[in-house]
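Participant: Here you go, sequence then predicted model.
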Amino acid sequence: MTPRTDNFIRLFAAAALCWVVLTGCARDRVVDTERSEALLREAHMEASVFNYNRAYELYSGSRAIAEVGSDQWVEATFGAATSGWHRLPPNRASIVEARTLFEELVKRLTTDSPYLPRALLSLGRMHEQVNFPGDTEDVNTARGYYTRVMEEWENTIFADEAAGRFAASALHDYRDPEAVREGLERLERYLERRTDSPIANILWYFLGDKYWHYLEDAEKAFASFERAIALGLVERARAWHTYWRMAWMAERYLDDPLGAAVYYAKIVEETPRSPRVHESLAAYARLREQFPDELPEIKRTLLPHEIADE
Amino acid sequence: MSESESSPSMKPAWLNANLFGAVILFGSFIISIWIVMVQTGTLDRFTGREERVVRFLHWQLEPGFREALDKVIAEYNALPHVREAGYRVQQVAISEKFYSQFLNTHLISGTAPDLSTMGKASLASQVDQFYEPLAAIVDEPNHYNTEETVPDHLLAEIRRALIEGPWRDTFADGLQSGYNDQLKNYYAIPVSNWGSIRLYYNRGYMKQAKAIVLEALESEVRPAWLEARLIPPGGTTDDGWLPDTPELREWLRSDRSVDTLGRLLLVSDAVWELARRQNLPFLVPISGSSYTRDLFADRYAPTFHHGLVSEFDLDHDSNISALETFGAWSADKWRFEDEEVRAYFKTLREIATHFPRGFLGLDREQANRRFIMQNAAMLLTGGWDASGIFKLAREQADPFEVGVALLPVPGPGERFHGFANQPPSEAGQTLGVPMALYKLSSMKDEAIDFLRYLTSYKGNQMFVDHSGWLPATIGVEPTREMRPFMPETAGIIGSLHLRFLGGNVATVYRGQLYLYIGGDITYEEFVANVEAAMGDRRMGVNRLWAEQFQRDRQVDRNTQMTLSTQAIRYLSGIDPDAEERYFQILQRSLTLSNGLNNRMMWHRFFPGEPEPEF
């Protein structure tokens, strides 16, 4: 074989190899919208039942054959990132990959896509949580993501959620009451400005809970709970729980027996099946003696068997 | 060749023990295939005789339940629209012991019954994976409640709620028992009420015991057991359990049930005396068992601890958590030597002296049987055992009457009355037998229709009348016998969380408690051993704190996972209600605060001290 022939064979082999590689790569990116959609639907079902390991495979499969940048691709990428985040057992590689996928969405999407703020909030949460053994919280990076959502989606529910997350991130400094107070007051100021937030009740409830538990500030806690109640508590069936805390704070810490009586009465009237009814009735009766003209009579709702007895 | 030599060679070589084994194996395989085909309906599909059956799985084998359910099912199966649709409902009752294995296996294999009672089976806790959410369904009125089927004598507001209100509002607990707080959706429909814990007593023995006490009180020389029980004139509650008062004597002459702790102990003493006099070697005052022991411990905890613990509820969530209990102990806010704590354990031990010997080795069934056989004057158990006990007591060769009372608390003038004088509240009690709809059921609409019928005013009243169980539906009246089992709203909540969280402390606590109430060790020994376990640097309460911190993080991650699921569902448009659920769960996620709440609690109990890590 002459050197020339030898070179020709080498060149041919290299070209063949390139062809194989390139067609192989091209095959990886072959778009199959129908198949991608089918995988996507299946992945949603698996994610709905928390089977994130399987969902991850399906979303990844769907993403691989979806047209890059299409709605389908966005949905599949978001799904792959989310299920990668929650895959079991969690490890550094799966978390890094999930972050990369969320970041890819962040780079490609425009602000009109609801997936963008959701991806940013997810990135914030991932940095805030300890995701696998040996992982550490990165609260500052998380706050950066929350801040971006608050700024770029101002006056939307995404900004409201981010404001709540930002305030909750202050609780990482639980050993420093001033830092916690600053975080909670920041959210309070936000809510005073954003009066029509659809999740204001949730955020005021959060403030009430944390002003008490982290700062023992009964006044702020009581006022925050009042705002949440005025807007409607999310967990109506457990409303007695909030009323009891308020009555307790009013009586024990705020020197407001009238306020306490109001909330004891609410327990009896609105949550007659709660386990605090008996104690609330006794407390109400005790306080009523102090305010005979100010407190209305309780019209106690009857329990079914009491109705049957009557 | 002789016959005896030739006969073995006559047997064909293939006819041997191996073949016999193979035939049995093959036969078993065919039978198994047959059973699976019958159970899954595959055979019927092959033969074209497919029968559509809604299967209703539960573990309530107590007398009355299955019979009553059969009655309701028969009525339902006879309804014109059910006959026309060509299906029927069938109950499948499985023993509590095998329920978990049975349901787990069928949930995984995709062959679970259409309806099954939630709980017991470990896989059933993966609610969203196996069960159908019911929020949209329970928002609709129950069409079986109509002007014709709901009687006029009910209160107008109850009647209106039954006929016009959403189905969920027709349940006595507002369907709280079917609500999954984590997933913010309804996943089960309760069909009955297990009823509250009550003290059952044999009226005959009670009467005789009271007569013995009265006789002893009026005798010139009082027996030692009475002297030990009564507070002597001029004495204090340290000298006895209850005073001899005109009210006590009046009660002894009456038919009234035991209404104070002192009287419970007094008649228990008298039952021992009765057993001695009548030579009844097996008769004991209280039919104790390992099951009963925990019931007494749980029921009395709020009564004795209530006044002590309100200061430890740092987050005011009306629940004294294990960590609040440990924190308060470590911070010296309560000790085992405190009067309320010592009194609680002393009362448990005093009550246990009236249990049969070796009660820790007895279970619930054995305790019930002892009471039915009239070898015990009293028994503590719940409403779920009531109809069986009443029935069996009537059917005995020597029938006897059963009385029912609240577990009494110390009465005025009695020992411990100063701080332990209120019963625990039963107001938060939720309904029972929660039935969930299998996600892969092919009869979802039919199954829901049956649940609507069973929990309608008419269906539930029929069930209650025949089972003797308590109603799930508002307006439905329990039978006269069952009325005492309705939840008692008067009472208090809050007690030390002494069950601990597992680990070495819980093991030591349980072991030492049983030794103490069994009379094998003194209170001082019990306390010394438990406190040594709690204070242990490696295995004590500090480890429990550290483990809880880890769990808190996991709970926070799990909640985030639920949030993420809802986000996918609403962004992809596969579930229009998911957005609302997302924000409901957001409140929980925010208040969990990255699992930091218990770390904050540590900081409040022990400012400046580093959090335990292991």
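Facilitator: Alright, I've got the coordinates. Numbering: from 1, shown residues only, chains lettered A, B, ... in the order given.

Participant: What parts of the stretch 151-300 of chain A come near chain B?
Facilitator: With CB under 8 Å from any CB of the partner chain as the criterion, the stretch 151-300 of chain A comes near chain B at residues A:157, A:161, A:164-165, A:168-169, A:171-172, A:174-175, A:198-199, A:202-203, A:205-206, A:209-210, A:212-214, A:234-235, A:237, A:241, A:244-245, A:248-249, A:272-279. C-betas here are computed from N, CA, C, even on glycine.

Participant: burial measure for the residue lying closest to residue B:612 once chain neighbours are set aside, as a count.
Facilitator: Ranked by CB to CB, 6 or more residues apart in numbering or on different chains and with sequence neighbours excluded, the top spatial neighbour of residue B:612 is residue B:542, at 4.0 Å. Under the neighbour criterion other CB atoms under 10 Å in any protein chain shown, residue B:542 is assigned a count of 20.

Participant: With residue B:25 instead?
Facilitator: One way to gauge burial is a neighbour count; for residue B:25, by other CB under 10 Å, it gives 10.

Participant: Secondary structure element holding it?
Facilitator: Per DSSP states H and E, residue B:25 falls inside helix B:17-40.

Participant: That helix: how far from the chain's middle?
Facilitator: Relative to its chain's centre, helix B:17-40 lies at 40 Å (CA atoms, centre = their mean, to the nearest Å).

Participant: Equivalent analysis for stretch B:136-151, please.
Facilitator: Computed by CA atoms, centre = their mean, the chain-centroid distance of stretch B:136-151 equals 29 Å.

Participant: in it, what's buried?
Facilitator: B:137-138, B:141-142, B:144-145, B:150 (16 or more other CB atoms under 10 Å in any protein chain shown).

Participant: Closest one to residue B:332 out of the residues you listed, please.
Facilitator: Comparing those against residue B:332 with CB to CB places residue B:138 closest, at 49.0 Å.

Participant: The closest one reaches residue B:176, doesn't it?
Facilitator: No. In terms of CB atoms under 8 Å, residue B:138 does not count as a neighbour of residue B:176; the distance is 11.8 Å.

Participant: mind checking pLDDT for the residue nearest to residue B:612?
Facilitator: Residue B:542 carries a pLDDT score of 90 in this model.

Participant: How about the one 3 residues further on?
Facilitator: The confidence metric pLDDT takes the value 91 at residue B:545.

Participant: Give me the helices and strands touching the helix or strand where it lies, please.
Facilitator: Using DSSP H and E, residue B:545 maps to helix B:541-571. Judged by 3 or more CB pairs under 8 Å, 6 or more residues apart in numbering or on different chains; DSSP states H and E, helix B:541-571 is in contact with helix A:33-48, helix A:71-86, helix A:115-128, helix B:322-330, helix B:503-517, helix B:578-592, helix B:597-605.

Participant: Give me the helices and strands touching the fifth one, please.
Facilitator: Spelled out, that is helix B:503-517. helix B:290-309, helix B:339-352, helix B:523-535, helix B:541-571.

Participant: same question for it, mean pLDDT?
Facilitator: Taken as a whole, helix B:503-517 has a mean pLDDT of 91.

Participant: how big is the angle separating that helix from helix B:523-535?
Facilitator: Between helix B:503-517 and helix B:523-535, the angle comes out at 180 degrees (axes from the mean of the first three to the mean of the last three CA atoms, to 10 degrees).

Participant: Identify each buried residue in helix B:503-517, please.
Facilitator: Buried residues in helix B:503-517, counted by 16+ other CB under 10 Å: B:504-506, B:508-509, B:512-517.

Participant: now that helix against helix B:339-352, angle please.
Facilitator: Counting by the same axes, to 10 degrees, helix B:503-517 points 60 degrees away from the direction of helix B:339-352.

Participant: Show residues contacting helix B:503-517.
Facilitator: In this structure, residues lying in contact with helix B:503-517 by CB atoms under 8 Å, 6 or more residues apart in numbering or on different chains are B:293, B:297, B:345, B:348-349, B:352, B:360, B:498-500, B:521-523, B:525-526, B:529-530, B:533-534, B:536, B:539-541, B:543-544, B:547.

Participant: Just want the angle from that helix to helix B:322-330.
Facilitator: What separates the directions of helix B:503-517 and helix B:322-330 is an angle of 70 degrees, with the same axes, to 10 degrees.

Participant: Pull out the buried positions in stretch B:224-235.
Facilitator: Buried positions in stretch B:224-235, judged by neighbour count with 16+ other CB under 10 Å: B:225-226, B:229-231.

Participant: which SS state does the residue of the stretch 201-350 of chain B found nearest chain A fall under?
Facilitator: The nearest approach of the stretch 201-350 of chain B to chain A comes at residue B:316, 4.4 Å away (CB to the nearest CB). When the structure is split into helix, strand and coil by DSSP: H, G, I helix; E, B strand; the rest coil, residue B:316 lands in coil.

Participant: Helices of the stretch 151-300 of chain B, start to end?
Facilitator: When assigned using DSSP state H, counting those that start in this stretch, the helices of the stretch 151-300 of chain B occupy the ranges B:156-164, B:203-218, B:224-229, B:246-253, B:261-277, B:290-309.

Participant: The nearest residue to residue B:237 once chain neighbours are set aside: how many residues sit nearby?
Facilitator: Once flanking residues are discounted, residue B:237 sits nearest to residue B:415: 4.2 Å by CB to CB, 6+ apart. Other residues near residue B:415 come to 24 when the count uses other CB under 10 Å.
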